[in-house]
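Colleague: Next one to model:
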Amino acid sequence: MSISPGRTVSVMTLNPAVDIAYEVRAVYNDQKTHAISNRYDPGGNGVNVARALERLGVPNRHFGIIAGKSGLLLQDLLGDHLHDSVWIEVPGETRVNSTVIEYDPPRQIEITGVGPEVDEDALEKLSAHFLRHCKDGIAVMTGSIPPGVPRNYYAEMIDRVREQGGKVVLDATGDILRRCIEARPYLIKPNQYEIEQIVGRSLNGIDDIEKAAREICDLGVDVVVVSLGSRGALCVTNQYSLHVKSPAIEVRSSVGAGDSMVAGIVSGLVRGLDMERTMAIGVACGSATSEKDGTELFSVPDVEELIGKVQIDHL
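Modeller: Below you'll find the model as predicted:
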């Protein structure tokens, strides 16, 4: 089940975005709302994972679809955040996502844009580049699928990566996740709601969630990491189960927290760390991002401080 250190890391973003975050005092119906502050960040799950890996000192190559003027803005925002990217250009516009962080009452509203249509030729070009770099390394596939891409695309890519000796770390939702489980990725990261959808029942308490995750392991998934928000995460394999508890923090925004957790986990895997240390890094990365404003990701000093505050229970 372990991953040898030093493997290449390839990250895919089919549907990247420009993320705009607004902080507001309150939202009123049928009235103009004035922001206290706003910020623009490069977005999309895979983009966030690749950026986070860079911050953790993990070399990776990022592969994505880009389109239009908003795509140029995304690349400009990325600047030096990604040192090794392969972009396949398509007609249309890269999507724009908006997050509204309201103070009174405290809540977060997220609006996700629609990405450009991706034709078969562009998709195959991206796939070929991705597979060529991945070889027998770690392939990170995460995020939504844009128009034109088949719903079973991730599942097919999992098969192709596995055939050449690689291991897939997957973060997907809904029917896409369900299809992918049948293809047996190495690791998946659903939240509680998503795992409830997979097993077809409500889950109450850690023991119940652990049982459901083990059922998924029995289907051929090596590692199931269930993100649990303020309760941390559950890591289940065929050999053991860990409840990794988040440190106490002040949550300012949840945007990018799951992607940061994925990056932290991948950083542990590629360095050959044991799963306890790997999960501690993952949860610390997610927590450190939750402390940041808007769509900003963690800082390494914050992660280093929080790792020592992560508690792990063996179930």
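
Colleague: tell me which residues in stretch 74-90 are buried?
Modeller: Neighbour-count burial for stretch 74-90 flags 74-75, 78, 81-82, 85-88, 90 (criterion: 16 or more other Cβ atoms under 10 Å). To be clear about C-beta, it is placed using only N, CA and C from the backbone, and glycine gets the same treatment.

Colleague: What distance separates the opening and closing residues of stretch 112-124?
Modeller: Distance across stretch 112-124, first residue to last, is 25 Å (Cα to Cα, to the nearest Å).

Colleague: Report the lowest-confidence entry in the buried residues of stretch 74-90.
Modeller: By pLDDT, H81 ranks lowest within the buried residues of stretch 74-90, coming in at 80.

Colleague: Quick check: chain neighbours aside, which residue is closest to that one?
Modeller: Nearest residue to H81, sequence neighbours excluded (Cβ to Cβ, 6 or more residues apart in numbering): R51, at 4.8 Å.

Colleague: Pull the number of nearby residues for P59.
Modeller: Applying other Cβ atoms under 10 Å, we find 11 residues neighbouring P59.

Colleague: where's it relative to S299, distance?
Modeller: Distance from P59 to S299, counting by Cβ to Cβ, to the nearest Å: 20 Å.

Colleague: Run through the helices of the protein in chain order.
Modeller: 45-55, 68-78, 120-134, 153-163, 174-183, 192-199, 206-217, 257-270, 275-290, 300-307 (DSSP state H).

Colleague: how about the ones you listed in JSON lines, adding distance to P147?
Modeller: JSON lines is the format used below for the helices of the chain (distance: least, Cβ to Cβ, whole Å):
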{"stretch": "helix 45-55", "distance to P147": "17"}
{"stretch": "helix 68-78", "distance to P147": "14"}
{"stretch": "helix 120-134", "distance to P147": "11"}
{"stretch": "helix 153-163", "distance to P147": "12"}
{"stretch": "helix 174-183", "distance to P147": "14"}
{"stretch": "helix 192-199", "distance to P147": "22"}
{"stretch": "helix 206-217", "distance to P147": "29"}
{"stretch": "helix 257-270", "distance to P147": "22"}
{"stretch": "helix 275-290", "distance to P147": "29"}
{"stretch": "helix 300-307", "distance to P147": "36"}
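
Colleague: what's the first-to-last distance across stretch 88-96?
Modeller: Terminal residues of stretch 88-96 lie 18 Å apart, using Cα to Cα.

Colleague: what does stretch 186-200 give?
Modeller: Terminal residues of stretch 186-200 lie 22 Å apart, using Cα to Cα.

Colleague: Touching that stretch from outside, list them.
Modeller: Contacts to stretch 186-200, defined as Cβ atoms under 8 Å, 6 or more residues apart in numbering, come from residues 3, 167-174, 177-178, 180-181, 202-203, 209, 212-213, 215-216, 221-229, 258, 261-262, 265, 269.

Colleague: buried stuff in that stretch?
Modeller: By neighbour count on 16+ other Cβ under 10 Å, the buried set for stretch 186-200 is 186-192, 194-196, 198.

Colleague: Tell me which two in these are the farthest apart.
Modeller: Taking Cβ to Cβ as the measure, those span a maximum distance of 22.4 Å, between Y186 and E196.

Colleague: Would you agree L306 is in contact with G282?
Modeller: No - contact between L306 and G282 fails when scored by Cβ atoms under 8 Å: they sit 11.1 Å apart.

Colleague: before we move on, the earlier item: now for the helices of the chain, which one comes closest to H314?
Modeller: That would be helix 275-290 among the helices of the chain, by Cβ to Cβ, at 8.9 Å.

Colleague: Distance from that closest one to the middle of the chain?
Modeller: Taking Cα atoms, centre = their mean, to the nearest Å, one finds helix 275-290 lying 13 Å from the centre of the chain it belongs to.

Colleague: what packs against it?
Modeller: Using 3 or more Cβ pairs under 8 Å, 6 or more residues apart in numbering; DSSP states H and E, the elements in contact with helix 275-290 are strand 223-227, strand 233-236, strand 241-245, helix 257-270, helix 300-307, strand 311-314.
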